[in-house]
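Trainee: Sequence and predicted structure below; questions after.
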Amino acid sequence: MKRVLSFVLAAFLVVGMAWTGTPAQAAGKKLIAITYDDGPSIYTPQLLDGLKARGVKATFFMVGNRVSTYLSTVERVYQEGHQVANHSYDHSDLTGLSVSGIKNQIQSTNYQLDKVCGSGTSYMVRAPYGSVNSTVFQSVGAPLVLWSVDPLDWMYRNAETVKNNIINGAHDGAIILVHDIHPTSIPGSLAAIDYLQKQGYEFVTVRELFRRRGVSVQNGVQYGSCKSTGVDLGPVEKPVITGEVENGKMRVTITAQSGASVYYTTGTGKLNQTGTRYTGSFLVSTPCTVRAVAAFNMNGSRSETVEKTFSIPAVKNPRLQMEENTLTITCATAGAKIFYSLNGGENQPYTEPVALEPGTEIAAYAECEGYLPSEKVRASYSSRGNFFLDVLADQWYYDSIDQAASLGLMAGVEKNRFAPEDGVTRGQMITFLYRYSGEKAGETALMNMPFEDVAPDQYYGPAVAWGYENGIVKGTSETTFRPNRGITREEMAQLFFAFLRYRGQVEEADHAGNIDSYTDAAKISDWARPAVGYMTSISLLVGDDKGAFRPLAGSTRAQAASVLIRMTEKIETE
Ligand code: ZN
């Protein structure tokens, strides 16, 4: 059974390679990893220039206490796709340390490296002097990396000798040890790379050397080289960024090879472990540049960064205005042509203001050569004569908001905008009831109000004073009302209950028992139980589709309008 399975897998892999166009001899490709220890140093940028010119990815075992001095160099190492790795904090011989001493050396270095690579990054470790024992293996919490080629560059300090020693030791799957703190090691190792590339070697990070050969490395195990396994999974393929126009924006899709994660940015965000991970297509406003990278591991096992600019801007959205039954549409993009439709009918070119009957739904967009079409903008001219840019006839709250606006209970947040999904504050909610009452707060009510955070000249000032005088609201303490805090559902229940009681419209009885049907009844505060029970019994507030009341959840303006209108209907039918 097992044999059959591995045969099938092998066959699948071969087929997979044929599809992606990887040459059949890929499995025989000579891979080699060059590593640089003890840096970063003032010589590292020069080395990075040389590696970049040669298309080589290397691995840098850094000493933690040097990282903050050379932070921009570490940043460059990481962003250019090299592998960042850990070489202890101060180059101590780890075998002389306790378990906590070893962990401290590793973790304090990781902490420094995370500043560049992002928290959650995994770093391979090379013990200083290659010196390890069983305590090191048990404490290090990462794969340990030794080497199989040591040119003794720290001793010879001669570029030609370093070059020759690397070349003489090189073999397929080798891990080469060099130090980027010696000026002679930079030209020496680059010259060796030139020679070995001509011999057919491909330079990869340590992580890629093992991944490409299908070897998974384990924490607490030391690796000195990676012989050919007959497998080469190939380099991480670049992701592909595509875009499709959607309603005045660009819908961006990024695809990558199976098993790889994609990280992307649409602005100045960093492409690192804590950057944005792609989980599905997203919309951007143009012009916009998207950068993305595909990774099996962002630290040392990732593709080149791909960049795509969506440069064509969209036409500015048309602006709809309504004055005295007449619709006017304008567009800020010069030369744009505007189209509109009424009640879902045909699009027609807009040439002059249009007279409309109440009860009309409007849609409009604009086009212009050299631009993407604008978003389709919708608006509603209600049967009650309200003009809304963000409340439409097919929304569940349409009628409640239309009524609440017509009755003057709720005003828009700005002209023709109602912000139905915005939350309602305590100050707003009492204001809605105050307006409905038609009453006015007297001088004494304003003077007797004890709340230090409610100024009488705020729009909610008279409402809070009126509510307090008539026992409809209480403060959050004796001297505070917190008018700008979102109202909770149990507070809302209490407020409506107190208002209806003030109006003499509550049948006094024990209402608290009505809350037992809620799955979260135990979470309802004691003081709110009679109110929630009463509101439930008259169906002004009901639970969610899972049977929960959610006493501490907030309320949107749309929900508040709906409760308010149902309350007025109940009062008027009694
Ligand atoms: Zn070292």
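Mentor: Yep, it's here.

Trainee: Without its sequence neighbours, what residue ends up closest to the closest residue to the ion within the stretch 301-450 of the chain?
Mentor: Nearest to the ion, among the residues of the stretch 301-450 of the chain, is residue 301, at 23.4 Å (CB to the ion). Using the backbone N, CA and C atoms, a C-beta is placed for each residue, glycine as well. What sits nearest to residue 301 in space, not counting adjacent residues and going by CB to CB, 6 or more residues apart in numbering, is residue 207, at 4.6 Å.

Trainee: Which positions in the helix or strand where residue 72 lies come out as buried?
Mentor: Element membership for residue 72 (DSSP states H and E) is helix 71-79. Buried residues in helix 71-79, counted by 16 or more other CB atoms under 10 Å: 73, 74, 75, 76, 77, 78.

Trainee: for stretch 48-60, same thing?
Mentor: Going by 16+ other CB under 10 Å, stretch 48-60 has these buried residues: 48, 50, 51, 56, 57, 58, 59, 60.

Trainee: Please list all residues in contact with whichever residue of the stretch 101-250 of the chain sits closest to the ion.
Mentor: Nearest residue of the stretch 101-250 of the chain to the ion (CB to the ion) works out as residue 128 at 4.8 Å. Applying CB atoms under 8 Å, 6 or more residues apart in numbering to residue 128 gives the contacts 87, 88, 91, 92, 93, 94.

Trainee: just to revisit the earlier point, columns distance to residue 422 and pLDDT on top of the buried residues of stretch 48-60, output as CSV?
Mentor: Converted to CSV, the buried residues of stretch 48-60 look like this (distance: CB to CB, whole Å; pLDDT from 0 to 100):
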residue, distance to residue 422, pLDDT
48, 50, 98
50, 57, 98
51, 53, 98
56, 54, 98
57, 50, 98
58, 53, 98
59, 51, 98
60, 50, 98
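
Trainee: Report the two of these separated the most.
Mentor: 50 and 59 (15.4 Å; CB to CB).

Trainee: At which residues are the helices of the stretch 51-200 of the chain located?
Mentor: 64-67, 71-79, 99-117, 134-139, 153-156, 159-169, 185-198 (DSSP state H, counting those that start in this stretch).

Trainee: wait, which of those is closest to residue 248?
Mentor: Among the helices of the stretch 51-200 of the chain, the nearest to residue 248 by CB to CB is helix 71-79 (33.4 Å).

Trainee: Low-confidence ranges, this protein, go.
Mentor: Residue ranges of the chain with pLDDT under 70: 1-28.

Trainee: Tell me how far the nearest residue to residue 185 once chain neighbours are set aside lies from residue 162.
Mentor: Closest residue to residue 185 apart from its sequence neighbours, by CB to CB, 6+ apart: residue 153 at 4.4 Å. Per CB to CB, to the nearest Å, residue 153 is found 5 Å from residue 162.

Trainee: Also residue 318?
Mentor: Using CB to CB, residue 318 is found at 68 Å from residue 162.

Trainee: which one of these two has more residues nearby?
Mentor: residue 162 (28 against 23; other CB atoms under 10 Å).

Trainee: Identify the residue nearest the more buried one in space, chain neighbours excluded?
Mentor: That would be residue 188: by CB to CB, 6+ apart, it lies 2.9 Å from residue 162.

Trainee: what about the longest strand in the protein?
Mentor: strand 288-297 (DSSP state E).

Trainee: Give me the angle between that strand and helix 71-79.
Mentor: Here strand 288-297 points in a direction 80 degrees away from that of helix 71-79 (axes from the mean of the first three to the mean of the last three CA atoms, to 10 degrees).

Trainee: Give the pairing partners of strand 288-297; include direction for each.
Mentor: strand 261-265 (antiparallel), strand 301-302 (antiparallel), strand 306-310 (antiparallel) (DSSP bridges).

Trainee: Tell me the buried residues in the last one?
Mentor: Put plainly, it is strand 306-310. 306, 308, 310.

Trainee: before we move on, what about stretch 218-238?
Mentor: Those would be 220, 222, 223, 225, 226, 232, 233, 234, 235, 236, 237, 238, for stretch 218-238 by 16+ other CB under 10 Å.

Trainee: tell me the residue furthest from the middle of the protein?
Mentor: In the chain, residue 444 marks the outermost C-alpha relative to the chain mean, sitting 51.8 Å out by CA atoms, centre = their mean.

Trainee: now it: how far from residue 468?
Mentor: Relative to residue 468, and taking CB to CB, residue 444 is found at 11 Å.

Trainee: Same check on residue 326?
Mentor: 45 Å.

Trainee: Contacts made by stretch 391-406 with the rest, please.
Mentor: Contacts of stretch 391-406 (CB under 8 Å, 6+ apart): 361, 378-380, 382-386, 388, 410-412, 418, 420, 432, 557-559, 561-562, 564-566, 568.

Trainee: Next, the distance between the ends of that stretch.
Mentor: Stretch 391-406 has its terminal residues 14 Å apart, counting by CA to CA, to the nearest Å.

Trainee: and what of stretch 118-131?
Mentor: 28 Å.
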